[in-house]
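*Asks:* here is the input, now give the coordinates:
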Amino acid sequence: MRINYNFAFKNSKLTPWERPAPPNPLISDADLDKKILYILKQYNSNKILYYPSTIVLASALIVQILNFYPQRIVKKFKSDHNTYQNMVAKLRNLDSSKQKFNKRITRIDQYFTKSTTSYLFSYFLQNSVPKGVQINSYAFNDNGFEISVSAFNLDSLDDFITLLIDSPVILKDSVRVNKITRTESSNSNNLLPLPDLELEIYGEVKKINQREREALYLKSNADGLLKKLQRFNKLKQKLGS
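*Replies:* Numbers count the residues shown, from 1 in each chain. As a prediction, the model looks like this:
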């Protein structure tokens, strides 16, 4: 183990000698020129110490100077960029809401554009009933219909079938007569004559496009249904459906 002890100066009046430090003009009252020359001399004599750090500092300074103008431009347009980001977020939310609306519209689109409404069927059925024909019952859905009528004679039934086939909501080739029967019951107490023929007829209804539907609503004075259809079409156009 090394002992840091100088035996030569034990109990001695000798003063140990130390190498004097070289004069440092930076901490003296020397002129500014001498201080600058001293710094340059120290810099040149210790190149390996100062050159790498100087190059790094100079490079960093150059980069900062080159970035000053772009940073200024970016800072100038920061508020515009934030506005743009907010607008993009709003557009995304709007697009999401639009997609949800489109899905809902797709679900109910067939009720406005495909099937024949009960109003149109009833309207044109009423216009297809000639004098001498009485409707006993009828059933209707999106695919077809079934009607039971009574008449006084075959001519009246023939007129009814002809008018029904010519209806714009009926598929002509689908109309079929199920049966024609003659009623046997009579009411002697009733002064009015009773119809003696019964007819059952069935068929299919058309799938009406929008243009035909609007024309039929106008023809049948269905103002409420026409306004609903027009509002629905405008909504589809706004959403781009």
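*Asks:* could you use CA atoms for every contact and neighbour count after this?
*Replies:* Fine.
*Asks:* I'd like to know the average pLDDT value across stretch 119-138.
*Replies:* Mean per-residue pLDDT for stretch 119-138: 88.
*Asks:* cool, stretch 170-186 as well?
*Replies:* On average, the pLDDT along stretch 170-186 is 79.
*Asks:* which residue is nearest the centroid of this protein?
*Replies:* With distances taken as CA atoms, centre = their mean, the residue of the chain nearest its centroid is Gln99 (2.8 Å).
*Asks:* next helix or strand past the strand or helix carrying it?
*Replies:* Per DSSP states H and E, Gln99 falls inside helix 78-113. Scanning forward in sequence from helix 78-113 by DSSP H and E, the next helix or strand is helix 118-127.
*Asks:* what packs against that next one?
*Replies:* Packing partners of helix 118-127 (3 or more CA pairs under 8 Å, 6 or more residues apart in numbering; DSSP states H and E): helix 154-165.
*Asks:* give me the angle between the helix it packs on and helix 118-127.
*Replies:* 150 degrees (axes from the mean of the first three to the mean of the last three CA atoms, to 10 degrees).
*Asks:* related to what we said a few turns ago, which strands and helices sit next to the helix holding Gln99?
*Replies:* Against helix 78-113 (3+ CA pairs under 8 Å, 6+ apart) you get helix 210-219, helix 223-239.
*Asks:* run the chain-centre distance for it.
*Replies:* 4 Å (CA atoms, centre = their mean, to the nearest Å).
*Asks:* on that earlier part again, which pLDDT value goes with the residue nearest to the centre of the chain?
*Replies:* 80.
*Asks:* same deal with Lys114?
*Replies:* pLDDT, Lys114: 65.
*Asks:* related to what we said a few turns ago, mean pLDDT lowest where, among the helices and strands packed on helix 78-113?
*Replies:* Among the helices and strands packed on helix 78-113, helix 223-239 scores lowest, with a mean of 81.
*Asks:* quick check: buried residues in that helix?
*Replies:* Judged by neighbour count (16 or more other CA atoms under 10 Å), helix 223-239 contains these buried residues: Leu225, Leu226, Leu229, Asn233, Lys236.
*Asks:* contacts for that helix, please.
*Replies:* Identification of contacts with helix 223-239 by CA atoms under 8 Å, 6 or more residues apart in numbering yields Lys98, Asn102, Ile105, Phe112, Glu214, Tyr217, Leu218.
*Asks:* pLDDT score assigned to the second one?
*Replies:* Going back to what we said before, that points to Asn102. pLDDT recorded at Asn102 is 76.
*Asks:* give me the domain ranges for the chain.
*Replies:* Domain assignment for the chain, taken from automatic domain parsing, gives 32-74, 92-114+208-241, 118-207.
*Asks:* work out for me the element Lys131 sits within.
*Replies:* Per DSSP H and E: Lys131 is located in neither a helix nor a strand.
*Asks:* what's the pLDDT at Leu192?
*Replies:* At Leu192, the pLDDT recorded in the model is 55.
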